[in-house]
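Engineer: Fold the following, please.
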Amino acid sequence: QVQLVESGGGLVQAGGSLRLSCVASGRAFSTYALGWFRQAPGKEREFVAAINRDDDDRNYGESVKGRFTISRHNTKNTLYLQMNTLTPDDTAEYYCAARRTVYGTTFVDQAEYEYWGQGTQVTVSS
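Structural biologist: Modelled structure (predicted):
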């Protein structure tokens, strides 16, 4: 069982930056593929970014490519999401997710993930 706790959300002006963190409890963090998703009010949860267990492959949603960077620090059991050039459209609750895997692939479908954090709110003002 893995517990995920996000932090780093907040209120930021358009054009600003935030870095989200997600700390995982438990062992074998390096055997998990990880991802970030977000959900804005009245909208479905959408894929933001994913990183594989080997830390050598990443995948991004089209709306965040070139602005967001996903990374992981296995010895700290932590997943990050660096968000730059934020716009009001990035306003959402952000969730980290994890799944155990033996494969070195990323996962973009939320149904593929086993564990979820409770979310951290990001609000971008215009």
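
Engineer: Nearest to the spatial middle of the protein, which residue is it?
Structural biologist: Centroid-nearest residue in the chain: residue 36, 2.3 Å away (criterion: Cα atoms, centre = their mean).

Engineer: Distance of that residue relative to residue 46?
Structural biologist: Using Cβ to Cβ, to the nearest Å, residue 36 is found at 10 Å from residue 46. C-beta: built from backbone N, CA, C; applies to glycine.

Engineer: Then residue 60?
Structural biologist: The gap separating residue 60 from residue 46 is 12 Å, by Cβ to Cβ.

Engineer: Counting neighbours, go ahead and name the busier of the two.
Structural biologist: The neighbour count for residue 60 versus residue 46, taken as other Cβ atoms under 10 Å, is higher for residue 60 (19 against 14).

Engineer: Tell me the pLDDT of that one.
Structural biologist: pLDDT recorded at residue 60 is 98.

Engineer: So in terms of bridging, what pairs with it?
Structural biologist: For residue 60, the beta-bridge partners are residue 49 (DSSP bridges).

Engineer: ok, back up a step: state the helix or strand in which the residue nearest to the centre of the chain lies.
Structural biologist: Using DSSP states H and E, residue 36 sits within strand 32-39.

Engineer: same deal with residue 122?
Structural biologist: Here residue 122 sits within strand 120-125, counting by DSSP H and E.

Engineer: can you give me the angle that strand makes with strand 32-39?
Structural biologist: Interaxial angle, strand 120-125 versus strand 32-39 (axes from the mean of the first three to the mean of the last three Cα atoms, to 10 degrees): 40 degrees.

Engineer: quick one: buried residues of strand 120-125?
Structural biologist: 120, 122, 124 (16 or more other Cβ atoms under 10 Å).

Engineer: In terms of pLDDT, where does residue 112 sit?
Structural biologist: On pLDDT, residue 112 comes in at 97.

Engineer: List the contacts of the strand holding residue 122.
Structural biologist: With Cβ atoms under 8 Å, 6 or more residues apart in numbering as the test, strand 120-125 has contacts from 6-14, 16, 18, 20, 38, 83, 86-94.
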